[in-house]
Structure formats: structure tokens, C-alpha cells
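Enquirer: When you get a sec, could you give me coordinates for this:
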Amino acid sequence: MLHNTKGIVLRVTKYGDTSIIMNAYTELFGLQQYIVKGVRTTSKKGASKAVFYQSAAILQMEVYHSPMKTLQMVKEVNWDYVFQNVYSDVVRNAVATYIVEVLQQTLQPEPHPELFYLIEDTFKQLDKGTAALASNLPIYFLIHLSETLGFGLQGSYSHLTPYLDVKEGQFVKDKPLHPYFLEGQEAQTASTFLQVQFYNDLENIVLNGHQRKKIVELFQLSLSWHYKGFKEIKSLTILQAVLH
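Expert: Predicted coordinates for the structure are as follows:
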């Protein structure tokens with residue numbers, strides 16, 4: 001049957017002489033694989049279609065879907081949102097690449113509309129927000145991705161709970177015996193991220209390179225504990241170099 005759904009491109013690989021296989025996270029069906037025919041030709045029509053299939057692109061898709069198949073088919077696509085800055089700005093592109101790689105290791109085939117809207121909103125804000133917002137977006141996204149998937153951090157920083165025990169997923173009174181925790185300014189900053197209600201609030205959070213690196217690495221590690229076979233995020237090094 002034919003369906004109309006929004007989809008976010010996660011990975012594209014060559015298939016045959018003229019086609020591609022696209023991994024996309026869709027609003028209706030969750031994580032899916034699609035074959036897209038005829039987009040790797042030198043014809044004007046093929047070249048014009050190929051522009052849609054870029055990492056993180058937000059598309060309006062007309063697709064054939066069968067629950068019994070692992071490989072679906074795309075009939076037609078168009079832009080749902082056109083990025084103005086994500087592909088041309090070094091920082092925004094590094095953030096988008098990092099988020100996509102995290103998603104490749106955490107998304108499931110089952111539909112999860114709330115998660116789809118989080119990803120969609122994150123990429124839109126990355127495109128149109130300030131440089132400060134873009135720099136803080138990876139931390140914000142890791143927090144809300146974990147929360148949406150059902151294992152978010154609990155509590156807040158106070159003189160009674162001055163440590164964020166990342167392994168336990170909550171702010172605690174006593175210093176943990178393991179190394180997976182934040183304290184002092186880093187714990188306070190993490191607490192501020194947890195309380196952010198609007199993307200624009202990210203513009204007011206100030207971090208140095210060391211603080212941002214430590215928080216991102218710990219939150220990513222926390223996420224990885226919930227997924228067997230979670231692999232190294234190769235784009236993390238590039239992200240840290242660009243943001244530093």
C-alpha cells in the first residue's frame with residue numbers, strides 16, 4: 001500500500017548501478033530501509049532527485065510499505081524542511097553528523113512519534129538557532145533522547161544532592177565509588193540542561209571545552225549501557241575538536 005510519511009535520512013549506500021538503499025527514521029513506521037531507483041544516473045532527472053538523499057535531510061515521502069518486508073520502496077520524495085545552514089556551517093554539520101551516528105545505534109523499527117518529533121525539532125533548531133545553541137545541542141539531545149527512550153536522568157543539583165551519578169541516573173548525596181559522575185560546576189551545569197524548557201534557553205549556558213567534552217562523553221556512555229553492541233561514535237572526536 002502507498003503511504004505518505006515524513007522521514008529523516010540516516011544513511012545512504014549505493015545499490016546496483018543507479019540505485020541507493022536509504023535508512024530513514026519515519027514518522028509512521030519507525031526505522032526503515034528503502035530502495036530508491038534511478039537516482040545515481042547522470043541524467044538531469046537523476047541528479048535533481050539525488051539532492052534529497054543527504055544525511056539528516058527531513059523529507060516528505062510517498063512510500064510503498066509492507067510489514068512482511070525488510071526492504072521497502074520509495075515512490076516519490078520532496079523536502080519537508082530545507083536546511084539553510086546545516087550543510088554549509090562547520091559546527092552545525094559536525095553536530096548533525098554526531099546526532100545521526102548516535103541515532104544509527106539507538107533507533108528501532110517500531111514507530112515512536114514522540115521520538116521522531118524530538119529528532120525533527122532538534123535538526124530544525126540546529127539549522128536556525130544561534131552558534132551558542134548549536135554548540136550546546138549535543139548535550140541537550142543526549143539528555144532528551146535518553147528520556148524519550150525511557151531511561152532519563154532524575155533529580156537536580158542542590159547542596160543535599162551535589163553529585164550526578166550517571167551510572168545510577170540521578171543526583172545523589174554521596175560521592176559515587178565509581179568514576180562515572182559529575183560534581184561541582186559540571187554537575188550544576190548538567191542540572192541546568194535538565195531544566196531547559198525551550199531550545200532558546202541553551203544560548204545562556206556557558207561551557208568551556210573540557211566541561212563540554214566530559215559531559216558529552218558521560219551522557220553518551222550512559223546511553224550506550226542500554227544497547228548491546230553499541231559501537232564507538234567515530235564523529236565524537238571531530239565534534240569535540242570543532243566545538244573546542
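Enquirer: make it CA atoms for all contacts and neighbour counts henceforth
Expert: Fine.
Enquirer: is it true that Val86 touches Leu126?
Expert: Yes - with contact defined as C-alpha atoms under 8 Å, Val86 reaches Leu126; the gap is 7.1 Å.
Enquirer: Now the common contact residues for those two.
Expert: Jointly contacting Val86 and Leu126 under the rule C-alpha atoms under 8 Å, 6 or more residues apart in numbering are 92, 96.
Enquirer: mind showing which ranges of the chain have poor pLDDT?
Expert: 42-48 (pLDDT under 70).
Enquirer: Just give me the residue closest to the centre of it.
Expert: Ile99 (3.3 Å; C-alpha atoms, centre = their mean).
Enquirer: and Leu239, what does it touch?
Expert: 91, 94-95, 98.
Enquirer: quick one: which of Val86 and Leu126 has more around it?
Expert: Applying other C-alpha atoms under 10 Å to Val86 and Leu126 shows that Leu126 carries more neighbours, namely 25 against 22.
Enquirer: tell me which element the closest residue to that one other than its chain neighbours falls in.
Expert: Spatial nearest neighbour of Leu126, excluding adjacent residues (C-alpha to C-alpha, 6 or more residues apart in numbering): Ala134 at 5.4 Å. Following DSSP states H and E, the helix or strand that holds Ala134 is helix 131-149.
Enquirer: For that helix, which helices and strands make contact with it?
Expert: Contacts defined by 3 or more C-alpha pairs under 8 Å, 6 or more residues apart in numbering; DSSP states H and E place helix 131-149 against helix 90-106, helix 113-128, helix 184-194, helix 209-224.
Enquirer: buried residues in that helix?
Expert: 133-146 (16 or more other C-alpha atoms under 10 Å).
Enquirer: Helix, strand, or coil at the closest residue in space to Val102 that isn't next to it in sequence?
Expert: Of all residues not flanking Val102 in the chain, Ile233 sits nearest, at 7.0 Å (C-alpha to C-alpha, 6+ apart). State at Ile233, reduced to three classes by DSSP: H, G, I helix; E, B strand; the rest coil: coil.
Enquirer: got the contact list for the residue nearest to the centre of the chain?
Expert: 138, 141.
Enquirer: Kindly provide the distance from it to Tyr140.
Expert: 11 Å (C-alpha to C-alpha, to the nearest Å).
Enquirer: same deal with Pro162?
Expert: For Pro162 relative to Tyr140 (C-alpha to C-alpha), the value is 20 Å.
Enquirer: Which parts of this protein belong to which domain?
Expert: Listed by automatic domain parsing, the domain ranges of the chain are 1-82, 84-244.
Enquirer: report the longest strand in this protein, please.
Expert: strand 2-15 (DSSP state E).
Enquirer: roughly how far out does that one sit from the chain middle?
Expert: Chain-centre distance of strand 2-15: 16 Å, with C-alpha atoms, centre = their mean, to the nearest Å.
Enquirer: Name the residues of that strand that are buried.
Expert: Buried, per 16+ other C-alpha under 10 Å, within strand 2-15: 6-12.
Enquirer: for stretch 19-29, same thing?
Expert: Those would be 19-29, for stretch 19-29 by 16+ other C-alpha under 10 Å.
Enquirer: so which of the residues you listed comes closest to Lys37?
Expert: The closest of the buried residues of stretch 19-29 to Lys37 turns out to be Ser19 (C-alpha to C-alpha; 4.4 Å).
Enquirer: what sits against that closest one?
Expert: 35-40.
Enquirer: Tell me the one of those nearest Met1?
Expert: Nearest member of the contacts of Ser19 to Met1, counting by C-alpha to C-alpha, is Ile35, at 15.5 Å.
Enquirer: Right, I'll leave it there.
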